[in-house]
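Asker: here's a sequence, model it:
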Amino acid sequence: MNRSNDVASEADPLTALRAATASRHAALDAGLPIGAPDASLHDYIAHLVLLRTWLVPLHAWLAGFADGPQPDLAARLDRIDADLADAGCAPLVAPGGDAWPAAASPAYRWGVHYVVEGSQLGGAVLYERLRERLAPHRLRYLKGDDAGPGPGWRIFMQALRAGVRTPAEIADACAGACAAFDRILELRDDARPGAALAVTPARAPRD
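Answerer: Alright, predicted model coming up:
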């Protein structure tokens, strides 16, 4: 049986996206130092740099469309930069643009947005695990909004199901989600341990 066709035929796009990206999601979770029981501030900084390198081109790409998903990536990037500044890191140069498809369908972009939005759910789990260990650093990115990721995720699921309905749209969304996972996995694998991470632990976090 062709698993990709089976996934694309799922009636619910969220179910199809979870199935299509399950192995990539597991590979990402297994290979991130921030998820280790002894994760340190250095690991958190490396995680932020990875996410920033992934999100900046995505933000520029998605902002070029007037239809489909419109995630608020600017606010998330601001939280990343604030956390990096707290840790004593110099401002980072914006990464170059990735080759995201200029004519991508709304469904494809919904799939990419699914991965971005889902990362906030994982961030909330990490925040509960690390907030005491890494205090007084505020971990703004992991914490996210004061209301937590739940309300935003419920709104996202409703919008996803309204915007991705047909088998062809679901298949396109799955392709976008897989591409988003593949890109961050590639960035993770290319990262040099400890590269460009100038940390000053004695620096007090700013308000």
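Asker: so, low pLDDT: which residues of the protein?
Answerer: For the chain, the stretches with pLDDT under 70 are 1-10, 96-98, 192-207.
Asker: how about the helices of it, start to end?
Answerer: All helices of the chain, identified by DSSP state H, fall at 3-8, 13-30, 41-62, 73-86, 106-130, 140-143, 149-163, 167-190.
Asker: dump these into CSV; add distance to residue 94 as well.
Answerer: To be clear about C-beta, it is placed using only N, CA and C from the backbone, and glycine gets the same treatment. Shown next, in CSV, are these (distance: least, C-beta to C-beta, whole Å):
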stretch, distance to residue 94
helix 3-8, 35
helix 13-30, 23
helix 41-62, 5
helix 73-86, 10
helix 106-130, 17
helix 140-143, 17
helix 149-163, 25
helix 167-190, 14
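Asker: give me every residue that touches the residue lying closest to residue 21 once chain neighbours are set aside.
Answerer: Nearest residue to residue 21, sequence neighbours excluded (C-beta to C-beta, 6 or more residues apart in numbering): residue 177, at 5.1 Å. Shown in contact with residue 177 (C-beta atoms under 8 Å, 6 or more residues apart in numbering): 17, 20-21, 111-112, 114-115.
Asker: which one of the helices of the chain lies closest to residue 99?
Answerer: Residue 99 lies closest to helix 41-62 among the helices of the chain, at 9.0 Å (C-beta to C-beta).
Asker: many thanks, we can stop here.
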